[in-house]
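Colleague: Quick one, structure for this:
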Amino acid sequence: MFNQNFSKAILCTLLFAILGILTSCHSVQYRDVSEFAIQPNALKDGEKIRLLAYFYGPSNSSNDFYNHVVVKSEESGDTCNILIPWDHGFTQSDGDSIYYYFSPENLINKVNVDGISVGTRDLRPEDTAAKFPEYNKVIRIPAFDNIAINRFPTVKGSIGIVR
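Modeller: Here you go, the predicted structure:
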């Protein structure tokens with residue numbers, strides 16, 4: 001899908017930048033979701049991924065934007081963007097870690113949005129009508145536009161570990 005050498009060069013650049021991204025201070029700016037190449041099937045639900053970069057905004061009770069994650073599929077080797085509607089609270093030590101992708105339809109994403117700002121994610125399995133949040137903007141950190149603005153396919157969802 002992507003040229004392997006190009007992917008390796010991007011991977012090295014992203015790994016170098018992740019340390020700064022995870023710990024950087026930034027002013028809040030946004031990009032429109034339409035600037036991303038949304039391809040819902042670019043990653044499959046439960047696919048193993050490697051975290052390359054994480055762009056996050058301020059957490060508050062009225063989050064109305066996606067955080068932006070750049071990942072590499074451990075299955076296909078392809079690099080993808082994931083738009084996540086809450087702050088996962090990643091730290092510098094999470095860089096280059098292995099996670100799993102959860103699609104918007106996955107039960108893990110059927111959450112009580114009111115609890116997101118304090119880090120609680122009250123699963124409501126009985127609420128099959130719970131909707132994955134839909135926003136029109138994505139956090140932007142201009143100092144990292146060289147990584148964040150890319151042509152990689154984009155999915156919405158979340159990432160996490162499986163125990």
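Colleague: what about G46, neighbour count?
Modeller: Here the count is done by other CB atoms under 10 Å, and G46 has 11 residues near it. Backbone N, C-alpha and C define where each C-beta goes, glycine included.
Colleague: check contacts around the nearest residue to it once chain neighbours are set aside.
Modeller: Excluding its sequence neighbours, the residue lying closest to G46 (CB to CB, 6 or more residues apart in numbering) is Y100, at 5.7 Å. Going by CB atoms under 8 Å, 6 or more residues apart in numbering, Y100 touches G46, E47, K48, I49, I159, G160, I161, V162.
Colleague: Can you name the residues bridging to Y100?
Modeller: Beta-bridge partners of Y100, counted by DSSP bridges, are K48, G160.
Colleague: Can you pull out the low-pLDDT segments for this structure?
Modeller: 1-27, 59-62, 110-130, 163 (pLDDT under 70).
Colleague: How are the helices of it distributed by residue range?
Modeller: 4-23, 145-148 (DSSP state H).
Colleague: Would you confirm that P58 contacts V28?
Modeller: Yes - applying CB atoms under 8 Å, one finds P58 in contact with V28, separated by 6.2 Å.
Colleague: residues contacting E47?
Modeller: S73, E74, E75, Y100, Y101.
Colleague: Report the buried residues of stretch 38-55.
Modeller: A42, L43, E47, I49, R50, L51, L52, A53, Y54, F55 (16 or more other CB atoms under 10 Å).
Colleague: who's in contact with F36?
Modeller: F36 touches N81, L83, V138, T154, counting by CB under 8 Å, 6+ apart.
Colleague: repeat that for 6 Å
Modeller: Taking CB atoms under 6 Å, 6 or more residues apart in numbering, we find F36 in contact with T154.
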